[in-house]
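J.: sharing a model prediction with you, sequence too.
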Amino acid sequence: MASSQGESVSSLETLRVVQAGIGPQLRVRLFGTMEAVTATGDLVLPRIRRTKAILAMLVLAAPHPLLRDQFTSLLWSQREKEQARASLRQCVFELQDVVARWGGTLVRTGRDQIALDCPGLWVDAIEVMHATPRTPGVLDLVRGPLLQDLSGLDRAFERWLDGERQRLLGIARALAEAVLAEQTDPVSTIDAADALLRIDPTHEGGWRAVIAAHAERGEQALAIAAYERCARALADLAQVAPAAETEALIARIRGERRPVLAIPAGRDGPGAKDVRVGIAPLRALDAPSEDFAEGLEDEITSALSRFRGLCCVVLRRMTREPLERGVWESLGLAYVLEGSVQRGDDKIRVVMRLLAARTGETVWQHRFLRPMTDLLTLQDEIAGQTAARIDPALLLGGMQRASLSGVADPAAYPLLLRAIPAIYRLDREEFSAAGRLLEEAVPREPGYAPAHAWLAHWHMLSLGQGWTEDRAETLRRMRAHADRALALDPGDARSLTIVGHVRAFTRRGLTEARALHERALSINPNLPLAWVLSGLAEIYRGDHEEGIRRIERARALSPLDPAEFWFDTAVGLAHLLRHEHEAAISAARRAADVNPYFSSAFKVLASALGHAGMSAADALARLAQLEPGFTVTDALARTPIVHEEDRDWFAQGLRRAGVPE
């Protein structure tokens, strides 16, 4: 043990025994360095690290048994089966000897199972899992990573441990966020935010709460100091800079003047690549709608300004009257967003239109019809969906302009716009041409982060599609461009989430991927790509339910997104790994219908059909066209899925479908 017995007992004195009963009680701490203390204050813990790991797994599962094969596959994954079982028996003997000192606590062993029988068992991790915002003191139990002293036992155990750490930290983080949301005064807000930041030092919402609370108390110096700690934590732990929202908050506290127009985060002003969008005054068709319309304009401006490459010009600041189209062009606008608001008896109708400034042509239009409940929440919802659905319309419009101009341009941006459609279509010939465009774009503007991010994404897709001959070299290039994009512009949400997806694709970078995706969503919570790629990362990690939730969030924001086939493939994979084969088949078929070139959709479809006992002949025929010679070994080598049981299930389905080994 790293600490003395007196120190260990003292650290556990505040722990509450929640299950009283006849006989001894055992209190086990799994966060930080593992500790186990009896009700009499005796420190009891096995000497061998693998025996400690077995005890940790048993207390997390207690009183339910675990299979012996679970222990051997996690702790002796590189040994022969009989040798691993012999090592397990030795550890069980040590564990039985240790628990004999607990006086009545039993290690129940069977031919195939092991269980811990301890009526008075208390475990800090279990307390956290069962906590509610009414028991915020439980957050004090999270005192470091789960089982910090048991790292490095076995690669399989490392993967299991990483998954458990992220799962429990996710639960603790959600609890801390809920506690923080309930605070109404600055002092309790600071305390609650500090608890959140102990769990997740990169949580910018927690940092902003601390900064704003100090400012509300008139403690400007403490607010600025909190901002500086936030910037250091983000730089050291996530290699990113504070988000635009955080920068705007500290600027207001310092009394700095902010620009009149909404400028993309991280820029001094509109750049050559920025698309200028005018936000016209929304027309209130009845008097009660006027306040809602004006508030909605502000929310839409804020939502759109989170997209890198957009410069929002708020026309209401100039006049409440509609501007002539000629004035639009004189302001340098490419598009104008206009709309109307009208209330009914119990509903509100909002019609939004995006117009091309030069021609007045309608580029995008949508009608929102919502019940009149919480109007502020309704403004957020409509603004977020408007921004999410306009972004692909603007991107596609830029692509068309780039492909039709025919003018030589020394910049990287037009090449990027021409490459993106082929990346989405995945036709192999066009995809190869897109890669050449991106390779040409990078040396034209070496400091342009999106070109590096999309090139990393292109390399990753070529790996996933089986279109690369030198896997090691492709991985090297993919990582190099991802790292370069992150270094060049840590505030671009789209680049961040693409880089996160690249990191997740390597399996070893899933923890870092989560931080990058969360960073992207904190910068732009209305970016569908960030929701779907973060959802995929959760599915790879084994949290299938959370993955589906995030992907459905992306779909709600952008139902007709160009990457819709990704949405359905990811959802299909989650259903497959949850053994919900009908749902997996349905989702994978939708993805295949939308994009018949996306081989991952056919892999998910084939595996689900194999498990369902249905013919996968059509799916395999298409897969053979896309990836000739595809095997189960190829699938396992490429998939970022972490948990062995998920990997095995995916592979078993492919085998049953008829994919060769």
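T.: Perfect, thanks for sending it. As the structure is a prediction and not an experimental result, all values here were calculated from the model.
J.: doesn't Lys347 make contact with Pro371?
T.: Yes: contact status for Pro371 versus Lys347: in contact at 5.7 Å, counting by C-beta atoms under 8 Å. Glycine gets a C-beta too; all of them are placed from N, C-alpha and C.
J.: find the centremost residue of the protein, please.
T.: Ser534 (3.1 Å; C-alpha atoms, centre = their mean).
J.: what's the burial count for the closest residue to Ala356 other than its chain neighbours?
T.: Distances taken as C-beta to C-beta, 6 or more residues apart in numbering place Val363 nearest to Ala356, at 5.6 Å, with adjacent residues excluded. By other C-beta atoms under 10 Å, 18 other residues sit near Val363.
J.: report the contact partners of Val363.
T.: Contact analysis of Val363 by C-beta atoms under 8 Å, 6 or more residues apart in numbering lists Tyr335, Leu354, Leu355, Ala356, Ala393, Gly397.
J.: between those residues, which is nearest Ala601?
T.: Of all the contacts of Val363, Ala601 sits closest to Ala393, with 24.9 Å by C-beta to C-beta.
J.: beta partners of the closest residue to the closest one other than its chain neighbours?
T.: Among residues not flanking Ala393 along the chain, Trp364 sits closest, at 4.2 Å (C-beta to C-beta, 6+ apart). Taking DSSP bridges as the rule, Trp364 bridges to Leu354.
J.: I'd guessed Trp364 sits against Asp391; true?
T.: No: with contact defined as C-beta under 8 Å, Trp364 does not reach Asp391; the gap is 10.1 Å.
J.: the two: which is more packed in?
T.: Asp391 (25 against 18).
J.: where along the protein do the strands fall?
T.: 25-29, 35-38, 66-67, 106-109, 113-117, 120-123, 275-279, 283-284, 310-314, 335-343, 347-356, 362-371 (DSSP state E).
J.: okay, now the residue lying closest to Phe368 once chain neighbours are set aside: neighbour count?
T.: Once flanking residues are discounted, Phe368 sits nearest to Val350: 4.4 Å by C-beta to C-beta, 6+ apart. Counted by other C-beta under 10 Å, the residues lying close to Val350 total 23.
J.: likewise for Ile382?
T.: Burial measure for Ile382: 23 neighbouring residues, criterion other C-beta under 10 Å.
J.: surely it and Arg367 touch.
T.: No: if you go by C-beta under 8 Å, Ile382 and Arg367 don't touch, sitting 10.7 Å apart.
J.: who touches both of the two?
T.: The contact sets of Ile382 and Arg367 overlap at Val350 (C-beta under 8 Å, 6+ apart).
J.: in stretch 432-439, what counts as buried?
T.: Under the neighbour-count criterion of 16 or more other C-beta atoms under 10 Å, stretch 432-439 has Ala434, Gly435, Leu437, Leu438 buried.
J.: then stretch 358-365?
T.: In terms of neighbour count (16+ other C-beta under 10 Å), stretch 358-365 has its buried residues at Val363, Trp364.
J.: give the burial count for Val187, as a bare number.
T.: Neighbour count of Val187, defined by other C-beta under 10 Å: 11.
J.: again with Arg143
T.: By the criterion of other C-beta under 10 Å, Arg143 has 13 neighbours.
J.: next: Ala61.
T.: If you count neighbours by other C-beta under 10 Å, Ala61 ends up with 14.
J.: tell me who's in contact with it.
T.: Ala115, Leu116.
J.: which pLDDT value belongs to it?
T.: Residue-level confidence at Ala61 comes out at 86, pLDDT.
J.: and it, how close does it get to Glu361?
T.: Separation of Ala61 from Glu361 (C-beta to C-beta, to the nearest Å): 62 Å.
J.: ok, Phe567 touching Asp561?
T.: Yes: between Phe567 and Asp561 there is a contact under C-beta under 8 Å: 7.0 Å.
J.: neighbour count for these two, which is higher?
T.: Neighbours per residue (other C-beta under 10 Å) separate Phe567 from Asp561, with Phe567 holding more: 25 against 20.
J.: quick check: the gap between the more buried one and Ala537.
T.: For Phe567 relative to Ala537 (C-beta to C-beta), the value is 14 Å.
J.: are any of the contacts of Val363 buried, and which?
T.: By neighbour count, with 16+ other C-beta under 10 Å, these hold Tyr335, Leu354, Leu355, Ala356, Gly397 as buried.
J.: got a list of what the second one touches?
T.: This points to Leu354. Listed by C-beta under 8 Å, 6+ apart, the contact partners of Leu354 are Tyr335, Val336, Leu337, Thr362, Val363, Trp364, Gln365, Ile390, Ala393, Leu394.
J.: could you redo the last one with a cut-off of 6 Å?
T.: Leu354 makes contact with Tyr335, Leu337, Val363, Trp364, Ile390, according to C-beta atoms under 6 Å, 6 or more residues apart in numbering.
J.: first-to-last residue distance for stretch 108-122?
T.: The straight-line separation of the ends of stretch 108-122 (C-alpha to C-alpha, to the nearest Å) is 18 Å.
J.: what's the mean pLDDT across stretch 607-623?
T.: The model assigns stretch 607-623 a mean pLDDT of 91.
J.: give me the contacts around it.
T.: Outside stretch 607-623, the residues that reach it (C-beta under 6 Å, 6+ apart) are 576, 581, 584-585, 602, 605-606, 630, 650, 653-654, 656-658.
J.: stretch 189-206 now?
T.: Everything outside stretch 189-206 that qualifies as a contact, by C-beta under 6 Å, 6+ apart, is 139, 142, 172-173, 176, 179-180, 183, 209-210, 213, 233-234, 237-238, 243, 246, 522.
J.: do stretch 463-471 as well
T.: Contacts to stretch 463-471, defined as C-beta under 6 Å, 6+ apart, come from residues Ser462, Thr474, Ser599, Glu627.
J.: count the neighbours of the nearest residue to the second one once chain neighbours are set aside for me.
T.: Read it as Thr474. Nearest non-adjacent residue to Thr474, counting by C-beta to C-beta, 6+ apart: Thr468, 4.4 Å away. Other residues lying near Thr468 total 17 when counted by other C-beta under 10 Å.
J.: for the stretch 1-150 of the chain, which segments count as helices?
T.: Here the stretch 1-150 of the chain has its helices, by DSSP state H, counting those that start in this stretch, at 5-12, 49-61, 68-75, 81-99, 124-129.
J.: quick one: closest of these to Ser495.
T.: Closest approach to Ser495 among those (C-beta to C-beta): helix 124-129, 34.2 Å.
J.: restrict the closest one to CA atoms and write it as PDB.
T.: The C-alpha trace of helix 124-129 is given here as PDB (Å, rounded to 0.1, in the frame of the first residue of the first chain):
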ATOM      1  CA  ASP A 124     -17.500   4.200  -3.300                       C
ATOM      2  CA  ALA A 125     -18.100   3.600  -7.000                       C
ATOM      3  CA  ILE A 126     -21.500   2.000  -6.300                       C
ATOM      4  CA  GLU A 127     -22.500   5.000  -4.200                       C
ATOM      5  CA  VAL A 128     -21.600   7.300  -7.100                       C
ATOM      6  CA  MET A 129     -23.700   5.200  -9.500                       C
END
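J.: tell me the mean pLDDT over that helix?
T.: Averaging pLDDT along helix 124-129 gives 86.
J.: returning to what we had before: looking at the contacts of Val363, which is nearest Gln113?
T.: Nearest to Gln113 among those: Ala393, at 57.4 Å, using C-beta to C-beta.
J.: what's around the residue nearest to Arg647 when sequence neighbours are not counted, how many residues?
T.: In this structure, Arg647 finds its nearest non-sequential neighbour in Ile641, 5.0 Å apart by C-beta to C-beta, 6+ apart. When neighbours are defined as other C-beta under 10 Å, Ile641 has 22 of them.
J.: show me where the stretch 501-650 of the chain has helices.
T.: Remark: helices assigned in the stretch 501-650 of the chain by DSSP H, counting those that start in this stretch are 510-523, 528-541, 544-557, 564-577, 581-594, 599-612, 617-626, 632-638, 644-657.
J.: still on that earlier bit, of the contacts of stretch 607-623, buried ones?
T.: Neighbour counting by 16+ other C-beta under 10 Å classes 576, 581, 584-585, 602, 605-606, 630, 650, 653-654, 656-657 among those as buried.
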